[in-house]
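[1] structure for the following, please:
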Amino acid sequence: MTAGSRGDVAPYTGLGHALLRAGHEVTLVTHARFEPLVAGSGVRFHPLPVDPRAELDSSRGRGLHRSATGVGKLVRVAAMARTLAGRMTDDLVAAARSSDMLLLSGSVGPLGHTVAEGLSLPCLDVPLQPLLPTSEFGPPMLGGRSLGPLGNRIAGHGLERALEYVFAGAVPAARQRLGLPDTRRTAARRERQRRPTLHGFSPLVVPRPGDWPAGAEVTGYWWPYDGDTRLPSALRDFLDAGPPPVYVGLGSATVPDPARLSAVVVRALRRAGLRGVVQRGWAELEVSGDDVLTIDEVPHSALFPRVAAVVHHAGAGTTAAGLRAGVPAVPVPVQFDEGFWAARLVHLGVAPRALPLRALTADSLAAALTRATRDPAFARRAAALGTRIRVEDGVTPVLEAMGRAGG
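    Here you go, the predicted structure:
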């Protein structure tokens, strides 16, 4: 069960397909617009009623662009999510009634835990980001900037309170519907510390914090189910027509002025002397010219190994795809955990620097691209890290935890 943007969904298509191959029956429960992601995988689908793209395109969603800080954006998105959470309850309950176990993303955690409790089902938390408080780094959803050991833990617990706020209306109603007694938040927090939590990212990228509770693991990445990974013919022809281009895409992020940003990207590519493949995405980027190509959704696993570098918003999924391909990155974080993943790429030596979208210019992007593509150290480190990440097994720890939990 998951909610959010495409990056909050795609990794679970791969995890679900792997669990299916291991002998389980699997249903992905998420927004209806993402049903095509499991086509041909054998994974069943149960739709949720909220359309995240429509919400981002609404006046309330566009208001996110007016927030200049991570905290401001989080406040706005928490208020938006709070109005939507209750609309998902009926479908979460309906899907759970035909299930033996629930695997829950961080975006549906409190509501999913309530459903599991009400139906006496075992459940596992399977977040894609580090959500548990730690002294080792600041909360990723606030950008990950360290506030010192004590400050990091305090901020982490504060983020937990924010998540409780999002579901403050939906959870009591769900508990009443399922015949559960009221529960104190402190009791819920103690239960969360005991619940198995398996994080779907590589320990090579974020080592497991030493102060996490015993049930918290870092498993390795869960790669999206790609099905047919054949690239469109126009894209194959473009790739074959010259040196490896740079990929540019912002995934499910939206921007206030797509035309201006598209022009910045083209100027930067040309100043750096590079060809470009620009993914339209939810940002509605659009470029034209013999040296650039606009594309729609394609499997990152098929495209990224053929590019010189990836310029992306540093969402968890796209960050993972670039690392898997073993190519340098230029992260352009927009909001939430993207600043955290961007900083990790710089720390790992596979990106020259992070360029937050608000401060992005053609000159800064061109300079970063020049470093990323012409300094061989970035390609060397990226290739070495990619080799190690590709052999990790993120699925077996989930299967083992399911066995322990009775699945």
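[2] where does this protein dip in pLDDT?
    52-86, 183-194, 407 (pLDDT under 70).
[3] what comes up buried for stretch 236-252?
    Neighbour-count burial for stretch 236-252, counted by 16 or more other C-beta atoms under 10 Å, picks out 238-239, 244-252. (Each C-beta comes from the backbone N, C-alpha and C, glycine too.)
[4] okay, that stretch in PDB with CA atoms only?
    Taking C-alpha atoms only, stretch 236-252 is exported to PDB below (Å, rounded to 0.1, in the frame of the first residue of the first chain):
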ATOM      1  CA  ARG A 236      17.300   4.800 -30.200                       C
ATOM      2  CA  ASP A 237      18.100   6.700 -33.400                       C
ATOM      3  CA  PHE A 238      19.100   9.800 -31.400                       C
ATOM      4  CA  LEU A 239      21.400   7.800 -29.100                       C
ATOM      5  CA  ASP A 240      23.000   6.100 -32.100                       C
ATOM      6  CA  ALA A 241      23.500   9.400 -33.900                       C
ATOM      7  CA  GLY A 242      26.300  10.800 -31.800                       C
ATOM      8  CA  PRO A 243      28.200  10.700 -28.500                       C
ATOM      9  CA  PRO A 244      26.200   9.800 -25.300                       C
ATOM     10  CA  PRO A 245      23.900  12.600 -24.400                       C
ATOM     11  CA  VAL A 246      22.900  13.900 -21.000                       C
ATOM     12  CA  TYR A 247      19.600  12.900 -19.500                       C
ATOM     13  CA  VAL A 248      17.500  15.800 -17.900                       C
ATOM     14  CA  GLY A 249      14.300  15.100 -16.100                       C
ATOM     15  CA  LEU A 250      12.400  16.200 -12.900                       C
ATOM     16  CA  GLY A 251      10.200  13.100 -12.600                       C
ATOM     17  CA  SER A 252       6.900  14.000 -10.800                       C
END
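[5] any chance you could list what contacts that stretch?
    5-7, 52-53, 56, 231, 265, 269, 272, 274-279, 281-283, 285, 291, 293, 303-304, 306-313, 315, 317-318, 332, 334, 357, 369, 373 (C-beta atoms under 8 Å, 6 or more residues apart in numbering).
[6] hang on, the earlier thing: can you add secondary structure and give the buried residues of stretch 236-252 back as TSV?
    What follows is the buried residues of stretch 236-252, written out as TSV (DSSP: H, G, I helix; E, B strand; the rest coil):
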residue	secondary structure
Phe238	helix
Leu239	helix
Pro244	coil
Pro245	coil
Val246	strand
Tyr247	strand
Val248	strand
Gly249	strand
Leu250	coil
Gly251	coil
Ser252	coil
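[7] from those, which is closest to Asp90?
    Ser252 (25.0 Å; C-beta to C-beta).
[8] follow-up on the earlier one: quick check: the farthest pair among the buried residues of stretch 236-252?
    Applying C-beta to C-beta across the buried residues of stretch 236-252, the maximum distance is between Pro244 and Ser252, 25.3 Å.
[9] where do the helices sit along the stretch 201-350 of the chain?
    233-240, 258-271, 300-303, 316-325, 338-347 (DSSP state H, counting those that start in this stretch).
[10] of all those, which one is nearest Pro47?
    That would be helix 316-325 among the helices of the stretch 201-350 of the chain, by C-beta to C-beta, at 20.5 Å.
[11] list the helices and strands that closest one packs on?
    helix 10-21, helix 300-303, strand 309-312, strand 329-331, helix 338-347, helix 376-390 (3 or more C-beta pairs under 8 Å, 6 or more residues apart in numbering; DSSP states H and E).
[12] follow-up on the earlier one: ranking the helices of the stretch 201-350 of the chain by burial, who's on top?
    helix 316-325 (a mean of 26; mean count of other C-beta atoms under 10 Å).
[13] thinking again about what came up before, just the buried residues from the contacts of stretch 236-252, in ChimeraX please.
    Selection of buried members from these for ChimeraX, criterion 16+ other C-beta under 10 Å:
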select :5,6,7,52,56,231,265,269,272,274,275,276,277,278,279,281,282,283,285,291,293,303,304,306,307,308,309,310,311,312,313,315,317,318,332,334,357,369,373
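[14] quick one: buried residues of the helix or strand hosting Leu369?
    For Leu369, the host element (DSSP states H and E) is helix 362-374. Across helix 362-374, burial judged by 16+ other C-beta under 10 Å covers 362, 364-373.
[15] now the strands for this protein?
    Per DSSP state E, the chain carries strands over the ranges 27-31, 44-48, 102-104, 123-125, 197-199, 216-218, 246-249, 276-279, 292-295, 309-312, 329-331.
[16] buried residues in the fourth one, which are they?
    What that stands for is strand 123-125. Buried, per 16+ other C-beta under 10 Å, within strand 123-125: 123-125.
[17] re the thing from before, got a markdown table for the strands of the chain, with distance to Asp182 too?
    Listed next are the strands of the chain as a markdown table, based on distance: least, C-beta to C-beta, whole Å:
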| stretch | distance to Asp182 |
| --- | --- |
| strand 27-31 | 26 |
| strand 44-48 | 26 |
| strand 102-104 | 21 |
| strand 123-125 | 20 |
| strand 197-199 | 25 |
| strand 216-218 | 28 |
| strand 246-249 | 45 |
| strand 276-279 | 47 |
| strand 292-295 | 51 |
| strand 309-312 | 44 |
| strand 329-331 | 44 |
